[in-house]
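Engineer: using only what follows, build the 3D model:
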Amino acid sequence: MKTIPLFILLIALVYNPCNESNEKSHDEKQTHHDKHQEHQHNDYSGALESDDRATWQKPDEVISLLGDITGKTVVDIGSGTGYFTFRLVKKGANVIAVDVSDKFLERIKKKKEELKIADKQLELRKVPYDSPKIKIDEADAVIIVNTYHHIENRPVYFAKVLNGLKKDGVLMVVDYTKKEYDNPPPGPPFSVKMKKEKVIDELKQAGFADFKIDTKTLEFQYIILAKKD
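Structural biologist: Modelled structure (predicted):
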């Protein structure tokens with residue numbers, strides 16, 4: 001796995017070509033992931049909060065595609081430093097910030113306390129790499145920004161996301177267009193970027209339906225909205 005642990009997991013980690021990784025136990029893999037997180041935290045946290053991110057990511061416009069989220073439960077998978085998390089709270093949502101990194105969750109916790117945000121408005125949830133740990137019918141919406149391409153066994157993972165959505169709940173995937181650009185924003189290499197058609201196919205395998213694809217709002221990314229029947 002959201003570039004941040006769920007959001008910043010290194011390409012070298014997730015896409016390591018060495019066969020020996022397949023021979024490691026789950027615990028060994030987890031330890032390896034955690035060491036990578038430790039190394040990458042400081043390198044990426046600044047980029048995640050950089051001023052120019054708003055110019056290409058347009059967070060407020062992206063969030064607006066969810067409609068009125070006042071009082072609704074929104075899960076932010078790969079919440080990282082809370083770039084989208086706190087904007088969702090500001091829009092009136094009750095947000096569950098989901099990440100694999102203790103460091104990022106601690107950073108969100110600190111800012112939450114500084115802003116005096118109530119627990120009902122913002123819950124922090126540490127999760128393993130293979131599950132979002134969303135309770136059945138818990139969420140009205142789930143967003144995953146700059147992270148989808150890092151997750152392994154995606155049809156299985158997003159079947160769990162589907163179970164966590166309420167009836168008519170919506171999943172929003174924001175990820176990088178598989179296209180070469182002269183001056184792209186920070187992100188994965190071209191070889192790791194995914195075509196939106198592949199994302200849709202995998203989400204269909206997970207059980208999602210009623211897809212809406214937005215390729216206009218963002219210059220470098222697509223936005224996919226999918227629903228639970």
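Engineer: please enumerate the helices of the chain.
Structural biologist: In the chain, the segments counted as helices under DSSP state H are 11-14, 26-48, 53-57, 59-64, 85-90, 102-114, 154-164, 196-206.
Engineer: which positions in the fourth one come out as buried?
Structural biologist: Right, helix 59-64. Within helix 59-64, the residues that count as buried by 16 or more other Cβ atoms under 10 Å are 59, 62, 63. Bear in mind the C-beta positions are built from the backbone N, C-alpha and C, glycine included.
Engineer: hey, least reliable of the helices of the chain by pLDDT?
Structural biologist: Among the helices of the chain, helix 11-14 carries the lowest mean pLDDT, at a mean of 38.
Engineer: isn't residue 178 right up against residue 194?
Structural biologist: Yes: using Cβ atoms under 8 Å, residue 178 makes contact with residue 194 at a distance of 6.2 Å.
Engineer: neighbours around the nearest residue to residue 86 once chain neighbours are set aside, how many?
Structural biologist: Leaving out its chain neighbours, the residue that sits closest to residue 86 by Cβ to Cβ, 6 or more residues apart in numbering is residue 111, at 6.9 Å. Other residues lying near residue 111 total 15 when counted by other Cβ atoms under 10 Å.
Engineer: tell me the spacing between residue 111 and residue 85.
Structural biologist: According to Cβ to Cβ, to the nearest Å, residue 111 stands 9 Å off from residue 85.
Engineer: check contacts around the most centrally placed residue in the chain.
Structural biologist: Centroid-nearest residue in the chain, with Cα atoms, centre = their mean: residue 144, separated by 3.0 Å. Under the criterion of Cβ atoms under 8 Å, 6 or more residues apart in numbering, the neighbours of residue 144 are 2, 77, 78, 171, 172, 173, 174.
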